[in-house]
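Novice: Provide a 3D model corresponding to the input given below.
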Amino acid sequence: MSDAKTAERGTTSSPRPHSERTVTSARATDRPQRLTKTPVKTRQMQYMLGHRASSHLAVMGVAPGSYDAGQIVNALAALPDVEVVRRIKQSSLSVLSTTSVGSHDIVVVRTSNRERAQHLESIARQNPSLIVERDHLLQHLASFRPAFLGPERSPTQITVAPIPVSFHVEDANGQPLEKTEIVVYGEGGTEDQGQTDVQGDAVIPVTTGFLNQVAALYVKPAANYWEQFIERPALEENGINSITLRPLGDFAQARFPGNPFVGWGQRVMGLLGLDPKTCDGAGARVAIIDSGCDTSHPALSHINIGRDYTNLDQNHEPDQNSWKVDVISHGTHCAGVIAGNGANGQIRGFAPKAAVHVLKVFPGGAFNNLVAAINYCIDQQIHVVNCSLGSDVGSELVAQVVERARQAGVALFVAAGNSASAVQFPGNLPTVTCVSAIGQAGNFPDDTYHARTVPDGATVVNGQVYPAKFSCHGPQVSVCAPGVGIISSVPGGGYAAWDGTSMADPHVTGMAALLAAHHPMLAGVNIRDAAWVDQLFSVLRNAAQPVGLSTEFGGAGLPIVSNVLGQGATRQGQPRSESIPQLTPDQLAEIVKAVVSALPQEMVTRTRPTMGG
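Specialist: Purely as a prediction, here's the structure:
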C-alpha cells in the first residue's frame, strides 16, 4: 500500500490520460477565458483533538477532569492561522461517557502554518490527557489496479518522450465498451493509464521509453465483462491495439447470472444450505461504511437509509440524499454481497431483509469521518458494521470510538488490507473481527488478473482454495473469506468481478447479520453490550472451517454459515440454484489438501486441516 496521506483542503485527483479527442479539446488555447491564474500553495494540514479516555485534563485553561469541547473550540478559534472545521458529536449512547454529553466531542482543525501545526502537536506532549492527531485519509481496500508484481525496479530519473498508443475495446459482437480503464505497466516502474470513450477508444501516452519495455497491460471494464491481464504485450505504435472482452455470463464456472445469482463466496460459505424464507436477516441492522450505494440498482432498491459524511451542511450534519451517489462503485459492490435482494435474477446477498444503513466516507474520507460514522452506529444501535477500509497509520481517537461501539453492542468487521504485509489499521485492533482474503481456482478466466493472485510458487487446480497473495496477514487476522473474482453489483444496474480484502469483509459481515438475526444466543437481545459482541465473534470463529493456512494468513479459517444455522433448515428449491453444489465442511477440507503442500511454509498451519469439522 502507499504511504498514509493526510486529509487536507484542496486535494484533487491526479490527471489521467484521455482519448485523443479529449486531449485535443483540453489544449490551453481552447480553455474558457473565464479561468484565472491561481498560484499553487501548500495544502492545509488537518488535525483531530480529543480527550484521552479515563484520564484527566489541564489544558487551555480547562480544569482537570472537566474537558469540554466547547471551551477547546473557543481556545483554538482564538489562535491565528487556525481554522476550526467541525465538531464531531460523541454518541449520546456511549457507555464510557463519564461527563455530560458533548464534553468529549472531537474537534477538527486546519492550519497551513507549519509553526502553528508544531504548536498543536506540542500541546499534546505537554498534556498527556489530550490527544492531538493528524487526520489521515482512509483507503478503500479493493484492488482496482493491481500493480505488476514483477522484480522490483527503481523508477528511472531520465525523462523520455511519451509514445501515444491507441487502444480500442469491444465485445465479441463488435460493440464498443466505454469507461474501460486501461493501465500500461513498464518494466522501469512506470504506470500509464487512460479510459475509453463512447466509441471504445483511448490514446495513452506510454512513458516506458520503448514499447518493448512494457511489462503488462491491464484492461478493466466498468461492468458486465471480465477484465483482461496480458504480460509482455506486443503493442503497436502506429496502429490501433484492439482488445475483446468476454461477458461475465460467458464463463460457465461463475454461474452468472442466476435465479437468483449466488456468488462463489456465498456458496462456499454454505448460504445455499439455508432456507431463504426463514434465514434472511430480518431484524438485524447493518451499516456499510464505504463510498455510498446506488439504490437504483435492481438488487439494492430496498435500501433506503443513509448518510453522506463527505457532504456536510452548515451544522456539520451529513446529507441524507447524496449517499446514493457512488462514484467509485466500492460501497455498491459490498452492499450486493451483504444484502442483495435476489429479485428477478439479481444477486442474493446473505441478509436481504436486514435494515441496511449506508454511511458514505469515500472519496476523500478521513479518520474524522470514520469516527462520526461509528458514533452514528452507536446511536442507531446497529448490530454489525462493514468497514472495508484502512490506513497505514493508527489513530487513538478512532480506537477509542471502536471500543465505545463494542461496549454499546456494535460489532465491527474490518478488512485486513491489500499490501501483502502487516494488517492495517483499524483491522489490527483487538476489538474488531479482521478478515483476510482467499481465492478459489476455477471461478474466473485464466487471462484475468484474478488468476494471478495465487501465492508465488503455489500450483492450484480448479476447486482449490488459496490465500490471496495481496492479502495482509498477521496475528490480528480473525477469519478468512472469499476475496478474489467476486461478482457483485456496481452502479448503473450492472455487475463486476473485483478482488480485495474489501470483497472478503462483506461476506463475513453478511454472515454476522444472519447470526444477529437468527442465532438463538444472539437474536432478540434488547440491551446489547460488549459481551454480546464478543459472543457474536466467538460463534463466528467457532463456525469456521480450517483451510490449511496458518492463523496469520487464515485466522480460525473460513466461516460456514450452515454450520451454525443450517440444522433443520429447508433448502428452498431454485431452478438454477439447485444445480449448484453446496460444499460441506468435509468437501471443503478435501479441496484444500493438495494446495497446502504447494504453499510457502509460512502460510501453512502446523496442523493439517480438520476433516469433517
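Novice: walk me through the domains of this protein.
Specialist: Domain assignment of the chain by automatic domain parsing yields the ranges 45-134, 163-249, 264-603.
Novice: dump the ones you listed into JSON lines; add distance to Phe256 and mean neighbour count as well.
Specialist: Heads up, the C-betas are built off the backbone N, CA and C, glycines and all. Shown next, in JSON lines, are the domains of the chain (distance: least, C-beta to C-beta, whole Å; neighbours: other C-beta atoms under 10 Å):
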{"stretch": "domain 45-134", "distance to Phe256": "41", "mean neighbour count": "17"}
{"stretch": "domain 163-249", "distance to Phe256": "5", "mean neighbour count": "18"}
{"stretch": "domain 264-603", "distance to Phe256": "6", "mean neighbour count": "22"}
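Novice: mean pLDDT lowest for which of those?
Specialist: Among the domains of the chain, domain 45-134 has the lowest mean pLDDT, at a mean of 74.
Novice: ok, back up a step: as a markdown table, the domains of the chain with distance to Pro257 would be great.
Specialist: A markdown table is the format used below for the domains of the chain (distance: least, C-beta to C-beta, whole Å):
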| stretch | distance to Pro257 |
| --- | --- |
| domain 45-134 | 41 |
| domain 163-249 | 6 |
| domain 264-603 | 5 |
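Novice: and the next helix or strand past the strand or helix carrying Val435?
Specialist: Following DSSP states H and E, one finds Val435 within strand 433-440. The element immediately downstream of strand 433-440 (helix or strand, assigned by DSSP H and E) is strand 465-467.
Novice: tell me which other helices or strands that following strand touches.
Specialist: Helices and strands touching strand 465-467, by 3 or more C-beta pairs under 8 Å, 6 or more residues apart in numbering; DSSP states H and E, are strand 433-440, helix 585-596.
Novice: returning to what we had before: to His140, which of the domains of the chain lies closest?
Specialist: domain 264-603 (4.9 Å; C-beta to C-beta).
Novice: chain center to the closest one, what's the gap?
Specialist: Relative to its parent chain, domain 264-603 has a centroid offset of 9 Å by C-alpha atoms, centre = their mean, to the nearest Å.
Novice: what's the span of it, first residue to last?
Specialist: 23 Å (C-alpha to C-alpha, to the nearest Å).
Novice: and what of stretch 428-446?
Specialist: 33 Å.
Novice: do stretch 490-498 as well
Specialist: End-to-end span of stretch 490-498 (C-alpha to C-alpha): 10 Å.
Novice: who touches that stretch?
Specialist: By C-beta atoms under 8 Å, 6 or more residues apart in numbering, the list of residues contacting stretch 490-498 from outside reads 142-144, 221-224, 226-227, 248, 254, 256, 261, 294, 296-298, 326, 329, 332-333, 336, 347, 444, 448, 450, 485-489.
Novice: please repeat the previous calculation with a cut-off of 7 Å.
Specialist: The contact list for stretch 490-498 (C-beta atoms under 7 Å, 6 or more residues apart in numbering) reads 142, 223-224, 226, 248, 294, 297-298, 326, 329, 332-333, 444, 450, 485-489.
Novice: one step back: show me what the strand holding Val435 is packed up against.
Specialist: With contacts taken as 3 or more C-beta pairs under 7 Å, 6 or more residues apart in numbering; DSSP states H and E, strand 433-440 sits against strand 411-415, strand 465-467, strand 477-482, helix 501-518.
Novice: could those go into TSV alongside distance to Gln71?
Specialist: What follows is the helices and strands packed on strand 433-440, written out as TSV (distance: least, C-beta to C-beta, whole Å):
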stretch	distance to Gln71
strand 411-415	31
strand 465-467	51
strand 477-482	40
helix 501-518	39
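Novice: so which of these is nearest Thr38?
Specialist: Closest approach to Thr38 among the helices and strands packed on strand 433-440 is made by helix 501-518 (35.7 Å; C-beta to C-beta).
Novice: restricting to C-alpha, output that closest one in CSV.
Specialist: Once non-C-alpha atoms are left out, helix 501-518 reads as follows in CSV (Å, rounded to 0.1, in the frame of the first residue of the first chain):
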residue,chain,number,x,y,z
THR,A,501,-10.0,-7.9,1.3
SER,A,502,-12.8,-5.3,0.7
MET,A,503,-14.6,-8.1,-1.0
ALA,A,504,-13.9,-10.7,1.7
ASP,A,505,-15.1,-8.5,4.5
PRO,A,506,-18.7,-8.2,3.3
HIS,A,507,-19.0,-12.0,3.2
VAL,A,508,-18.3,-12.2,6.9
THR,A,509,-20.4,-9.1,7.8
GLY,A,510,-23.3,-10.7,5.9
MET,A,511,-23.0,-13.9,7.8
ALA,A,512,-22.7,-12.0,11.0
ALA,A,513,-26.0,-10.2,10.2
LEU,A,514,-27.7,-13.6,9.8
LEU,A,515,-26.3,-14.7,13.2
ALA,A,516,-27.5,-11.5,14.8
ALA,A,517,-31.0,-12.1,13.4
HIS,A,518,-31.4,-15.8,13.8
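Novice: which SSE is immediately downstream of it?
Specialist: Assigned by DSSP H and E, the successor of helix 501-518 is helix 530-542.
Novice: so which of the contacts of stretch 490-498 sit within helices?
Specialist: 332-333 (DSSP state H).
Novice: can you give me the helices for the protein?
Specialist: 20-25, 69-77, 114-126, 264-268, 330-339, 367-379, 396-407, 501-518, 530-542, 551-554, 562-565, 585-596.
Novice: quick one: the second one to helix 114-126, angle?
Specialist: In other words, helix 69-77. Helix 69-77 and helix 114-126 are oriented at 140 degrees to each other (axes from the mean of the first three to the mean of the last three C-alpha atoms, to 10 degrees).
Novice: what is helix 69-77 packed up against?
Specialist: Counting contacts by 3+ C-beta pairs under 7 Å, 6+ apart, helix 69-77 packs against strand 83-88, strand 106-111.
Novice: for Gln320, which of those is the nearest?
Specialist: So among these, strand 83-88 is nearest, using C-beta to C-beta, at 17.2 Å.
Novice: angle of the closest one against helix 396-407?
Specialist: 10 degrees.
Novice: distance check, the closest residue in space to Ala339 that isn't next to it in sequence against Leu141.
Specialist: Nearest residue to Ala339, sequence neighbours excluded (C-beta to C-beta, 6 or more residues apart in numbering): Gly349, at 4.4 Å. For Gly349, the distance to Leu141 (C-beta to C-beta, to the nearest Å) stands at 19 Å.
Novice: and for Met269?
Specialist: 19 Å.
Novice: cool, and Gly342?
Specialist: 26 Å.
Novice: just Leu300 next, same as before
Specialist: Leu300 is 21 Å from Leu141, where distance means C-beta to C-beta.
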